[in-house]
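Visitor: next comes the sequence, and after it the predicted model I'd like to discuss.
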Amino acid sequence: MAKRNNKVKSTSDLELKDRLVAINRVTKVTKGGRTFTFAAIVVVGNEDGIVGCGLGKANEVTAAIAKGVEAAKKNLICVPVHKGTIPHEQVAKFGGSRIILKPASHGTGVKAGGAMRAVLESVGITDVLAKSKGSSNPHNLVKATIAALGEMRSPADVAQNRGISVEQVFNG
C-alpha cells in the first residue's frame, strides 16, 4: 500500500495552541556536583485536524517548553476528523506503548488518559474512546497516538481509492 503524505506544508497561517504533556527533570552527576536539566514533551494543534508533537531540552523549564513547541511545529500532520470523532477504529504501537482508538457517538467526550487526551484534544476530536496498553511512558504514548492519527483515512479517501461514492462507503 502506498504511504500517504499527510504532512502540513506551511505553519505561518495556522493558529496553533500548545499543551504541555510532561516535564522531566534530568540529573547529571559531575565532579563539581549535580547538574539539573529539563526535558518537556509538548503537543501543538489548531483543534481543527492538525497536530504535532515535540521534545525540548534545556537548563530551564521555560526554555525547554519553547524548544518543544518549535520542534512540534516542524512535524505537523493533518488528521481527518469526521463529525467530531475519528472515521474508523485504529490500533498503533510505539516502543512499549500500544493504543486503541475507537470512534464514539456525539456527546461521549474524550475518554482517554493524560498523554493521549492532550493529543486528541489538540487535533480537535471531541468524541472518542481510547485505551492504552503496555508502557504508560508519555513519550511513547504521544508518539503512538500521533502514529495512529497519521494512519487515519477519511471517507472521501476511501471512496476515491475504491472508485465509489462516499454514500456507498457507509452503506456497504
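Guide: Received the coordinates, thanks. Residues are numbered from 1 along each chain as shown.
Visitor: all contacts plus neighbour counts: C-alpha atoms, from now on.
Guide: Noted.
Visitor: okay, buried residues for stretch 15-29 please.
Guide: Across stretch 15-29, burial judged by 16 or more other C-alpha atoms under 10 Å covers 16, 18, 19, 20, 21, 22, 23.
Visitor: what do you get for stretch 104-123?
Guide: 104, 110-112, 115-123.
Visitor: now the terminal residues of that stretch, how far apart.
Guide: Distance between the two ends of stretch 104-123: 16 Å, counting by C-alpha to C-alpha, to the nearest Å.
Visitor: contacting residues around that stretch?
Guide: 17-19, 21-22, 43-51, 79, 84-86, 125-132, 138, 141-142, 145-146 (C-alpha atoms under 8 Å, 6 or more residues apart in numbering).
Visitor: what do you get for stretch 57-71?
Guide: If you take C-alpha under 8 Å, 6+ apart as the criterion, stretch 57-71 is touched by 18, 20, 36-44, 53-56.
Visitor: low-confidence stretches in this protein?
Guide: Within the chain, the stretches with pLDDT under 70 are 1-5, 9-13, 172.
Visitor: centre-most residue in it?
Guide: By C-alpha atoms, centre = their mean, the chain has its centre lying nearest to residue 146, at 3.6 Å.
Visitor: for residue 97, what are its contacts?
Guide: 132, 133, 134, 135, 136, 137, 140, 141, 144.
Visitor: dig out what the first one forms beta bridges with.
Guide: In this structure, residue 132 has the following beta-bridge partners (DSSP bridges): residue 99.
Visitor: any idea how far it is from residue 144?
Guide: 10 Å.
Visitor: ranges for the strands of this structure?
Guide: Using DSSP state E, the strands of the chain run over 17-30, 33-45, 50-58, 77-78, 90-94, 97-103, 110-111, 128-134.
Visitor: one step back: what is in contact with residue 132 and residue 144 at once?
Guide: Common neighbours of residue 132 and residue 144 (C-alpha under 8 Å, 6+ apart) are 97, 98, 99.
Visitor: switch those over to TSV; also include distance to residue 170.
Guide: Listed next are the shared contacts of residue 132 and residue 144 as TSV, based on distance: C-alpha to C-alpha, whole Å:
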residue	distance to residue 170
97	31
98	28
99	25
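Visitor: out of these, which is nearest to residue 171?
Guide: residue 99 (28.0 Å; C-alpha to C-alpha).
Visitor: how many residues are close by the closest one?
Guide: 22 (other C-alpha atoms under 10 Å).
Visitor: wait, it sits on residue 135?
Guide: No: using C-alpha atoms under 8 Å, residue 99 is not in contact with residue 135, being 9.9 Å away.
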